[in-house]
Structure formats: C-alpha cells, structure tokens
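J.: Kindly generate the corresponding structure for this input.
(2 chains)
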Amino acid sequence: MTQYCDDPVILNQWHPLSSFDEIVVGQMHSTVLLGCSISYQLTAQGSLSVWLCNDVNFSLPLKRAYGFLWTSLGTPPDEIFVVEELDETDRQNVATGVFGVNVSFGRAIENFLDMGHFPFVHTGILGEEPHTEVKEYDVDVSESRDEIMATRCRFYQPQASLASEGGADVDYVFRVPHINCALLYKSSPGYEAEGRMDVIYMFLQPMGPEWTRAHTGMCVIDSKNSYQGIRYFQQVIFGQDKSILENQFPKRLPLDSRAETPIRADKSAIAYRRWLTKKGLTYGVIPAI
Amino acid sequence: MASFQQFDVEYEMKVDLSQWHPIASSSDLPLRHVYQGQLWGRELAVWRADDGHINVWENRCLHRGVRLSIGLNEGSELRCLYHGWRYANRTAGCTYIPAHPADAPARTICNNTYQCVEVHGLVWSAIAPESSFEGQGVLEGLEPLVLRPIPIAAPLHLVQKLAADYPFGTLTNRDDTSLTLQYGQAKLQLFLQPVDAGKTIMRGLLTPAPVDSVAALRHHNATMTALRDEIELAATRLDPPTAINVKFAPVAKGLARMPDIDNAGPKVELRAKVARKWQVAEQVMAFRLEALSGQFPTFQPGAHIDVNLPNGMSRQYSLTNGPGETDHYTIGVKHDIASRGGSTCLHDDVQEGDVLAISAPHNNFPLRRDAVKTILIAGGIGITPLLSMAKTLKAQELPFELHIFAQSKDDLAFPNILHNLGASTISHTGLTPQATCDVIAGVLANYTPAQHVYICGPGAMLEATRELATKAAWPDEAVHFEYFKNTHEIAFNTTFEIALSRSALTLQVPAGKTILQVLRDNGIEAPSSCEQGACGTCLMTVIEGEPDHQDVYLSTTERAANQKIIACVSRSKSNRLVLDM
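T.: Residues are numbered from 1 along each chain as shown, chains lettered A, B, ... in the order given. This is a model prediction of the structure:
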C-alpha cells in the first residue's frame, strides 16, 4: 500500500535507510520511504549513492551518521541531531536489528517513551508486577534544540540489563530529537558513580503512514556481553512490543487531545503529540481538529 | 451510545445502525475467552463474565487504543494487555490503573459499550438501536440448532439476494437481513450479519432441532459453503466496496486530562431499591441495593456511598462488593446504640422493596495493588471496605492477610464471604484492648518495603494501630486508614480569613462557622460527604498559611506538610489561609 506523501514536515527530514553493518558492498539494495521506492549502493571503491526509482533514476541527498545511511525526499537541514555518546570511543555501538511493524511511526515512538507497559509487556525483563508505579518525572520541550526530553524517570526492573543481576530501580532519560527518532539513556551497571549511561536508540523509517521499519541499536559501556547477546536481548524486547503496536487503533497517531485518555504517566507522550501538532505534521497522524 | 451515529459518514451502501444483528454464537464465548466480532465495520470485544453476563464493547482500550480482544478475561474484569488497566463487567468502567497505584481512577473513564441480548444460541447486538431487542417470534418455544456461521467476502445486499437460492424447501419470508425457508415441519432462518462493506456472515438457525444434529450440521455446512463460493464468485464481478470508514468518538472533555482531584463530590442522584435485607452478624444488617433503572456506576475497592435516609439524614457506608459484582451494591450497617438515628432508621424502618436515594461511589480509601504484601486490619463493622479489598486481592492472586477483631464469633459480619476468602482471613475474638494491641504489634512486626496496611475500625483501635505501625518503622505512606467518624472534640471558636487563589476572592470565617459553610454561603460549590472530618471528600490544597487540623483523615506526614486541609472541620492557626481554588 503506497500513498504519495505531500507533507513537507516529514519530506524535509533525514530518514534512516540502513545500518552500514547491513550494506553488502557492491550489491544494490532496495527499500521504501514515504511510499517511494528507493535504492542505494556502496561500491567496492567506496562510493555511496541513493536514488529514487522512477522512470528516471533521481539522485537523493545522503548522510552517514551514527553507523547509519540517511536520506531525504525533500530539502533536509545541513546537520542531523547530535548524540555525543555515540562518538565516545570506549563504547560498543551495536545495531540490534531492523523490525517491520504495521503501525505509524508515531505509535512506535510513544511505545518507546512509555514505561507503564514494562511489567505487562516485558514481564520479568524490564518490569514485573506488582512494581507497576510510574513515578513522577519531568518533561521539557527544549526550544533551542527543538527536542523533547523526559528526565528524572525511574522504573523498577527485575533484570535491568544483561550485566545486572536482580531487581532495582533504574534511571532513564528519554530524548526525542527528531519526529521519528528517539533515544533513551539508562543507568549503566557499574558506571552509576561516573554518571555514565547506556544509550538505546530507535531510528524509524516511515515506509508508509501506517507502515514502519524500526532500526534499533544500543551504545553500551559494558563490555561483558557479546554482540549476539545484546542483539538477542533487544530483539526479544521489540518482539514483545510488536504484537501490541499492531493491535493499536487507529494505526495513525491521533493528535487530538480528546482522542484517547492520557494519565500522568503519559506526560512525555502528551508532549510528543503537542510537539507534532505544533510542527504541523499531517503524515502518519490524525491531526487535531 | 448515541454518539456513534453522529460520526457516520455517507456510505455507498445502505447502513442501518439501528437494527439488531447476531454477532456471535453462544458457543463462541467459552469460559474466560474474549471473542472478536465486527458489525458495520466496528470491531467488537465480546466476553462473558463468570456470572454469565455478556459484555459487548468497542474493541479499543480508551487509554491507547489497543484492541480489548487481545486482553485478558479475568472473570469479573477485562484487563488490557498493554498497561494492565482493568475494566469492570457490565459497566465497562475502569477500576484500576497500575501506573498510578495510589489513585482511584476517575470513575467516568469508561469504554464504549453496546447493548446485547443472548437468545436462541446467538448473541445479538446493535450499534445504535432505536428500540430494545424484540426477538425472533417465529422461534418462540422452540430450541433451535445453531448452524456453523459462514463468513462470506461479499456485501450484504448481494448475499441477501443470492441466499434466496439456498436449497431448503421454499422461501416463505425475507427482509434486508434475514430469510426464512420452510421444508415440511422444518424451518431454517438465515440471519445476515453485515461485518463490513464487503464482508457478511451468514448465521443459520434450524427448528425444530433435528435428532441427528451432527448430520444436520454437516449437511448445512457443506450447502452453505457451496452457496458462499457462488456468492463470492458473483462478488468478483462487482467493484470492491470501500471499507466502512469508522470514526472513533472522542472521549469526554474532562478525560483528556487526568484530573488531580475529583471536584464533583458525591451527589445523591441515584435511586436504589432495597432488593434484600438480611442479618449478617449480631446487630448487623446487610442491604443489597439495585438500580431502579439502568445500572450503577463503577466502584473501586474502598469506595463508599452516601445514603439518604427516610428520616432526612445522610450517612456514608462502604461497599462490600468484589470485582465485577456490578449489578448491585451491598452495604453492611451496624446498629449503633448511641446512633443519632442513621443506623436505627436503616435497621428498623427501611424494608425490602423501599427506594433510597444514594450517591455514586466515592473513593477516599483506594487500594494499591503494587504491594508485595497487603495487610488488612478490621475492627468490628470496619470490615466492610476491607471485604471489597480482600475480594479484589484474592481475585488478582495478590498476597494479603485480613485480620478481623470482634467481640465474639457472632459479631463477625458476612461470615459466608469470610469463609470464601479462605486461609488469608484470620479472626480474633473476645480480646481485651491490650491483647488486641499485642496481636496487632505482632502482625505489624517485620516491615519490609512495598508492604501496605489498611485499617478500618473504631477510633481508639485505629489510633493505637497507627501508633504501633509508626513504632514498627512503617512509613506514613504505607499506612492507610478510614475512620467511621471523628470522635475528637472540634473547636469552632477561631476567626480567620481565607483567600481563594484562583478566583481572587477573600472571605472571613467567623467563629461557629466552618470553611465549607462560608464557601457555600458565598455560592461556591464544594464537595463534602461526612462533614465531620473523617471521609476526606472535602480535601483542599493549601498554598499559604498554617492549618489547624481537626480531622482524622490526613496522615501525620500530611498534617505536618500543611499542604492539605479538610475544609469541613479544620481551621487556621495563621490569620490567613490561601486555598488553591
């Protein structure tokens, strides 16, 4: 199901296509972005190109950032959002997999920001009954950086990460620096004192208004775990979310405040919906009336 | 329910939302299952509670839109799979939001429901019915055989047209959504359920039920399948219809934001019939109240109602109902010798069949369900709210202990319910005050984080228990209590000023009048219930000034913080009190 996109808000963004781990040198790859067929190729000589598959192959802008190839169907900004941690040399930046999910990118971002579902969807991993409380946290929409930040977030986790044993309250910071990209910072076991946190990110590729590919990754300090182990952990988590996401109705994110019933725990989602409304986004959402 | 209709757009096909249609077979609803149905493009979550009641709800949790059909049918409540929100049987009202365990959810959070009737082995519903279900008179007195429903990928009008060819005797009657065929004594009724623009389900009822039902089921299954193939072939010659565009109705304005405090307060607006009055202990009568029309609003464990009595008095009584017991409210009333007339009136004057005015349930004693262990301590008739809590904890298989203190075995109210609660219930009878304290001290020993204790009983016992809890290092926020009444002497002899920050109004509170009275004298609506500082309904936020607390509702920590005040009894130590209203 392709649908032509005429929303400049999303056309003018950089969108992720693939992690470089998954690009086979010399092979042409094809994918879909905002309803358009797109191909990209990295040659043995190291030249990289992205093009729109129309009658005439039309060259698209491209960017390499955070281990991913990005492109745009409009006029993108010069720079992409900044994540300093992804450039730190003592971290492992691991692409943890690509997942197709039949829902709008907005629903997927909200799910990524949401702590309340941990005990029910990621039972025994990211949460566990009866520890269900979402404690008060702060949400800030930064004007200068044009991004949403949720801070002072804490949630009880029986298994906070592969490197931790037993349950503990875990600190989180959530960032939404891009309408379809989000990151979370999570206390890194053993590095709490230094205040350093693991970074987990989700860069979404909106294939259609109700069809998304999620590029996920982790940037961790902990070096005890194998690449396979980290990847497997993240795939379990996303696999659990996928079946919930695909059962949400409407599939597009409703921006009207009366479309659904938020609670205090949904503060970050409320801020996200308002932020999208303010930007005038119409693609993949049901705009507020 | 009427709200659905106004959001319907023009369709190419004729859509009559007022008609009743079968949407499921009774056999689609086995124990603890949630069945996903669809009518006129609208998805339905259909589930039978353990008490037999069938719920037909819009298939969408109002929180984040997740299908309720993937939720869990827990027998008395449906639990959404995403965030564990619980919705009550019948009312579809939300009873618990796990992300905020200390809050009672606003009782108006309610999923959208449809009417439903189960008859002739089929479940019938309508999106926007104009009249109640009239049944299929032709089947009166006959138990039909329910045939296997056949989904057909074709629009209703095509199925209706071609189903007349069904090879079974002669067609004797037909309308837009049903056909009747007669073959000798046997009658076959075919009901057409419009699922969506291009999808219809054909449901057959055969009367009288044949002796060899398996052979009949096989025969009609094969015949209907052949008819389906024929209809679907014909459908391929039509343009595929556009799916019905269902727009979801918006939630109530007040729900778009989570309210901090319920400002409505209880209004004695419901009419309740005393369906049953019976003795449940020495000097304790139970009353089963049923709605005169419609159904009572959703309650949560710990909730109470205000009851207006024939003698003009108003009294608060806790509900003893467990989860999903939504077709009535039950209260327990102890005859108080020193009664000012409330319990005497209920015991002596109110009879079965009488009608009382009651308020919607109001919860100032909410139950957290995120405790690793919950301890419930009841003194005498203080058992009533704790019964509701204990039933809830048991239904959810959460660890709890219920300790009941009473004069004698005959004073233990609701013995049947206590029996059903099983081993978690421990009764202590005939103890002296000192012995009672010793037992409670033992129960409260070994506090560990995430334990919670709930206490309801006479004032002296409550205060002793609170002291024991503090001594045993229980933090204030883990100790929850509800007093029957405020037995403290209340002074009304001070004068002070109150300033209302939101309306920029300053009022004088003279000696002999309460804050609540002064507000009302000035036309400001403020909720209240017991008006003696026990129930917490008139809780207000203090922005500035030092309250003179005279209530028994606030905890020691809350009193010390001076950020809240119970307006019906408390006053001010400072000359001026600024209230957030």
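J.: Isn't residue B:186 up against residue B:209?
T.: No: counting by C-beta atoms under 8 Å, residue B:186 sits too far from residue B:209 to count as a contact (9.8 Å). Using the backbone N, CA and C atoms, a C-beta is placed for each residue, glycine as well.
J.: Parallel or antiparallel, list what pairs with the helix or strand where residue A:31 lies.
T.: Secondary structure assigned from DSSP states H and E places residue A:31 in strand A:28-33. Strand pairing for strand A:28-33, using DSSP bridges, gives strand A:36-42 (antiparallel).
J.: ok, back up a step: residues in contact with the strand holding residue A:31?
T.: A:2, A:15, A:17-18, A:23, A:37-41, A:53, A:71, A:73, A:205-208, A:213 (C-beta atoms under 8 Å, 6 or more residues apart in numbering or on different chains).
J.: Please tell me how far it is from the chain's geometric centre.
T.: Distance of strand A:28-33 from its chain centroid, counting by C-alpha atoms, centre = their mean, to the nearest Å, is 19 Å.
J.: Measure how far the helix ranked longest in chain A is from the centre of its chain, please.
T.: Taking DSSP state H as the criterion, chain A has its longest helix at helix A:227-245. Helix A:227-245 has its C-alpha centroid displaced from the chain centroid by 13 Å (C-alpha atoms, centre = their mean).
J.: how about the CA coordinates for that helix, as PDB?
T.: What follows is helix A:227-245, C-alpha atoms only, in PDB (Å, rounded to 0.1, in the frame of the first residue of the first chain):
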ATOM      1  CA  TYR A 227      27.400  -8.700  20.300                       C
ATOM      2  CA  GLN A 228      25.000 -11.600  19.900                       C
ATOM      3  CA  GLY A 229      23.800 -11.400  23.500                       C
ATOM      4  CA  ILE A 230      22.900  -7.600  23.200                       C
ATOM      5  CA  ARG A 231      21.300  -8.200  19.900                       C
ATOM      6  CA  TYR A 232      19.200 -11.000  21.100                       C
ATOM      7  CA  PHE A 233      18.100  -9.100  24.200                       C
ATOM      8  CA  GLN A 234      16.800  -6.200  22.100                       C
ATOM      9  CA  GLN A 235      15.100  -8.500  19.600                       C
ATOM     10  CA  VAL A 236      13.100 -10.100  22.500                       C
ATOM     11  CA  ILE A 237      12.000  -6.600  23.700                       C
ATOM     12  CA  PHE A 238      10.900  -5.500  20.300                       C
ATOM     13  CA  GLY A 239       9.200  -8.700  19.500                       C
ATOM     14  CA  GLN A 240       7.100  -8.200  22.600                       C
ATOM     15  CA  ASP A 241       6.100  -4.700  21.600                       C
ATOM     16  CA  LYS A 242       5.400  -5.500  18.000                       C
ATOM     17  CA  SER A 243       2.200  -7.500  18.700                       C
ATOM     18  CA  ILE A 244       0.800  -4.700  20.900                       C
ATOM     19  CA  LEU A 245       1.700  -2.000  18.300                       C
END
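J.: The helix or strand that comes right after that helix: partners in the sheet, and parallel or antiparallel?
T.: Downstream of helix A:227-245, the first helix or strand assigned by DSSP H and E is strand A:253-254. If you go by DSSP bridges, strand A:253-254 pairs up with strand A:285-286 (parallel).
J.: Give me the residues contacting the partner strand.
T.: Under C-beta under 8 Å, 6+ apart, the answer for strand A:285-286 is A:104, A:106, A:250, A:252, A:253, A:254, A:255, A:256, A:259, A:276.
J.: repeat that for 6 Å
T.: Strand A:285-286 is contacted from outside by A:106, A:252, A:253, A:254, A:255, using C-beta atoms under 6 Å, 6 or more residues apart in numbering or on different chains.
J.: can you give me the helices in chain A?
T.: Assigned by DSSP H, chain A shows helices spanning A:8-11, A:105-113, A:118-121, A:227-245, A:267-279.
J.: got the buried residues for the first one?
T.: Of the residues in helix A:8-11, those buried by neighbour count under the rule 16 or more other C-beta atoms under 10 Å in any protein chain shown are A:10, A:11.
J.: CA atoms only: put that helix into CSV for me.
T.: Presented in CSV, the C-alpha positions along helix A:8-11 are these (Å, rounded to 0.1, in the frame of the first residue of the first chain):
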residue,chain,number,x,y,z
PRO,A,8,6.8,19.0,3.8
VAL,A,9,7.3,18.5,7.6
ILE,A,10,8.3,14.9,7.0
LEU,A,11,9.7,15.2,3.5
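J.: Check the offset of it from the chain's centre.
T.: 18 Å.
J.: average pLDDT for it?
T.: For helix A:8-11, mean pLDDT is 96.
J.: same check, this time on the fourth one
T.: Helix A:227-245 shows an average pLDDT of 91 in the prediction.
J.: what does it rub up against?
T.: A:94, A:96-97, A:99, A:101, A:103, A:107, A:111, A:121-122, A:162, A:216, A:218, B:82.
J.: Now do that helix against helix A:105-113, angle only.
T.: 120 degrees (axes from the mean of the first three to the mean of the last three C-alpha atoms, to 10 degrees).
J.: Which positions in chain A make contact with chain B?
T.: A:116-117, A:120, A:130, A:132-134, A:244, A:247-249, A:257-258, A:261, A:263-265 (C-beta under 6 Å from any C-beta of the partner chain).
J.: Spatially central residue (nearest the centroid) of the chain, please.
T.: As the question left the chain open, I've gone with chain A. Nearest to the mean C-alpha position of chain A, counting by C-alpha atoms, centre = their mean, stands residue A:202 at 2.3 Å.
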